[in-house]
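**Student:** predicted model, plus sequence, below.
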Amino acid sequence: MPQIIVLPHLELCPDGAVIEARKGESICENLLDNEIDIDHACDKVCACTTCHVIVREGYSSLNSPQENEEDLLDKAWGLEPLSRLSCQAIVGDTDLVVEIPKYSINMAKEGHR
């Protein structure tokens, strides 16, 4: 079973975390199921950028981003070449190291966390 290593994030995961990930599910689902409360304002339908993460290790093991995800990522705060929307990045066989950016651009927050 692959692991997701989450780098420390001041609000969501101050000490960082190592979680057992379920292959075939999104990074977002895995984080939420392990009490890492990443924002997902659009309810994980690839309509916002609030679940933006940077995949520091293991990026190539994820499914390829679709065009609509790439278009949305252009609007994400702190965009990097290894950025993904965690709701669209499906975990494969490889361990991942993930950084949740300090800020997100949230134009559609409706109480989802």
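**Tutor:** Thanks, I have it.

**Student:** name the nearest residue to residue 105, ignoring sequence neighbours.
**Tutor:** residue 77 (5.1 Å; C-beta to C-beta, 6 or more residues apart in numbering). In short, each C-beta sits where N, CA and C put it, glycine included.

**Student:** could I get the contacting residues of the one you found?
**Tutor:** By C-beta atoms under 8 Å, 6 or more residues apart in numbering, residue 77 lies in contact with 49, 52, 101, 103-105.

**Student:** try it again at 6 Å.
**Tutor:** Remark: with contacts taken as C-beta atoms under 6 Å, 6 or more residues apart in numbering, residue 77 is in contact with 103-105.

**Student:** which pLDDT does the model give the residue most central in space within the chain?
**Tutor:** Residue closest to the average C-alpha location in the chain (C-alpha atoms, centre = their mean): residue 86, at 2.8 Å. Residue 86 is assigned a predicted lDDT (pLDDT) of 97.

**Student:** just confirm it contacts residue 28, I think it does.
**Tutor:** Yes: using C-beta atoms under 6 Å, residue 86 makes contact with residue 28 at a distance of 3.9 Å.

**Student:** which neighbours do these two share?
**Tutor:** Common neighbours of residue 86 and residue 28 (C-beta under 6 Å, 6+ apart) are residue 51.

**Student:** what's the helix or strand bottoming out on mean pLDDT in the chain in contact with?
**Tutor:** Counting by mean pLDDT, DSSP states H and E, the chain has its least confident helix or strand at helix 67-73, which shows a mean of 95. The contact list for helix 67-73 (C-beta under 6 Å, 6+ apart) reads 46, 49, 79, 83, 85, 88.
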